[in-house]
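# Would you be able to build a 3D model of this:
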Amino acid sequence: MGRALFDLFNDEASMYALKSAYDWWEEFNNSPILQDWSFYVLAALYGVVTLVALVQLIRIQLRAQEYGWTTQKVFHFLNVLVNGVRCSIFVFHHDVQQLKPEIVQHVLLDVPSLAFFTTYALLVLFWAEIYYQARGVSTDGLRPTFFAINGIIYAIQIVLWLITWWKPISAIVILSKMFFAGVSLLAALGFLLYGGRLFLMLQRFPVESKGRLKKLQEVGYVTTICFACFLVRCIMICFNAFDEAANLDLMEHPVLNFIYYSLVEILPSSLVLIILRKLPSKRAITPYHPIH
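Predicted coordinates for the structure are as follows:
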């Protein structure tokens, strides 16, 4: 009898907690003031990441301006671009929501996501080059492959935008979201493949190798962070595609938007920028190849 009463009490307490959480969620989502604050906080966080990336880009340029646009510089420049655009979108979210035709809103939200993929795909390219060079394998085909993959992804997305504009049926919208989920999964697998390979290769270096432990930790942390980031992004976009309750459109669910963008863009970008904050050497920066 006592056990049954205890279980009943626990069930009632759990139901009350769930109801309270749901009420709080609905109150937040239905409050224009709280919605605005959530978007302004997101904008402020993106602004901070933009500033950090910009300062780091300037520092790198001052240290190694004679080497042109290296992979490291392009990576930080794209971070400035992606986070700066996101910041502007959330600052002017009311204006964005009023844009017509509606496809323009989708383009403004999707372009930074594509650029985010390109930004972090650069790290995969960089690690792949280091890995194959260390094994004495030619890397001539890596950069053309990188540009080809990005070109195909952007071309497919443009076609999906045009089809959505022409005939915005639910199947096309779902297909567009699933395409983004596939792109995110591709990025996650890229980090797992080349980050993992580079990590295992560095582990085999002699213990006394200069900078081995630091580089090992750097590759391990960045691989873990980026793999988790893109995997979570893939999963959340899949839910978004098939569940209206998980809609990630700008004004639909501000709490969900805050959680989503914090987890898949702000947090990983911040951590990666901190981990990769080391400036290149003044005399030799051979690992950072120029982008042509």
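# what helix or strand is Arg277 on?
Of the helices and strands defined by DSSP states H and E, none includes Arg277.
# next SSE after the helix or strand containing Leu62?
Using DSSP H and E, Leu62 maps to helix 32-63. As assigned by DSSP H and E, the chain's next helix or strand after helix 32-63 is helix 71-91.
# Tell me what angle that next one forms with helix 32-63.
With axes from the mean of the first three to the mean of the last three CA atoms, to 10 degrees defining the directions, helix 71-91 sits at 160 degrees from helix 32-63.
# who are the neighbours in contact with the residue nearest the centre of the chain?
The geometric centre of the chain, computed from its C-alpha atoms, lies nearest to Glu265 (CA atoms, centre = their mean), at 4.1 Å. The neighbourhood of Glu265, defined by CB atoms under 8 Å, 6 or more residues apart in numbering, consists of 46, 82-83, 86, 116, 229. For glycine as for every other residue, the C-beta is placed from the backbone atoms N, C-alpha and C.
# Next: Phe199.
Contacts for Phe199 were tallied using CB under 8 Å, 6+ apart; they are 216, 219-220, 223.
# if you set the cut-off to 10 Å instead, what comes out?
Counting by CB atoms under 10 Å, 6 or more residues apart in numbering, Phe199 touches 127, 131, 215-220, 222-224.
# Next: Thr50.
Counted by CB under 10 Å, 6+ apart, Thr50 has contacts 79-88, 269.
# Which one (most neighbours) among these?
Counting by other CB atoms under 10 Å, Asn83 has the largest number of neighbours within these, with 29 neighbours.
# is it true that it touches Phe77?
No. Under the criterion of CB atoms under 10 Å, Asn83 lies out of contact with Phe77, with a separation of 11.2 Å.
# what residues do these two have in common as contacts?
With contacts taken as CB under 10 Å, 6+ apart, the residues that reach both Asn83 and Phe77 are 53-54, 119.
# Let me know the closest of these to Ile103.
Nearest to Ile103 out of these is Thr119 (CB to CB; 24.0 Å).
# give me the low-pLDDT residue ranges for the stretch 1-150 of the chain?
1-32, 66 (pLDDT under 70).
# nearest residue to Cys176 other than its sequence neighbours?
For residue 176 the amino acid is Ser, not Cys. Spatial nearest neighbour of Ser176, excluding adjacent residues (CB to CB, 6 or more residues apart in numbering): Leu160 at 4.5 Å.
# Would you mind listing the residues in contact with the one you found?
Neighbouring residues of Leu160 by CB under 10 Å, 6+ apart: 106, 110, 172-173, 175-177, 179-180.
# Report the buried members of those residues.
Neighbour counting over these (16 or more other CB atoms under 10 Å) leaves 106, 110, 172, 176-177, 179-180 as the buried ones.
# Only C-alpha atoms, please: export stretch 169-184 in CSV.
The C-alpha trace of stretch 169-184 is given here as CSV (Å, rounded to 0.1, in the frame of the first residue of the first chain):
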residue,chain,number,x,y,z
ILE,A,169,4.3,22.6,-51.4
SER,A,170,5.1,20.8,-48.2
ALA,A,171,7.0,18.0,-49.9
ILE,A,172,9.5,20.5,-51.4
VAL,A,173,9.9,22.2,-48.0
ILE,A,174,10.6,18.8,-46.4
LEU,A,175,13.0,17.9,-49.1
SER,A,176,14.9,21.2,-48.7
LYS,A,177,15.2,20.6,-44.9
MET,A,178,16.3,17.0,-45.4
PHE,A,179,19.0,18.3,-47.8
PHE,A,180,20.3,20.5,-45.1
ALA,A,181,20.3,17.6,-42.7
GLY,A,182,22.3,15.6,-45.3
VAL,A,183,24.8,18.4,-45.7
SER,A,184,25.3,18.5,-41.9
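# For that stretch, give me every contacting residue.
Outside stretch 169-184, the residues that touch it by CB under 10 Å, 6+ apart are 106, 110, 113-114, 116-117, 121, 149, 153, 156-157, 159-161, 163-166, 229-242, 248, 264.
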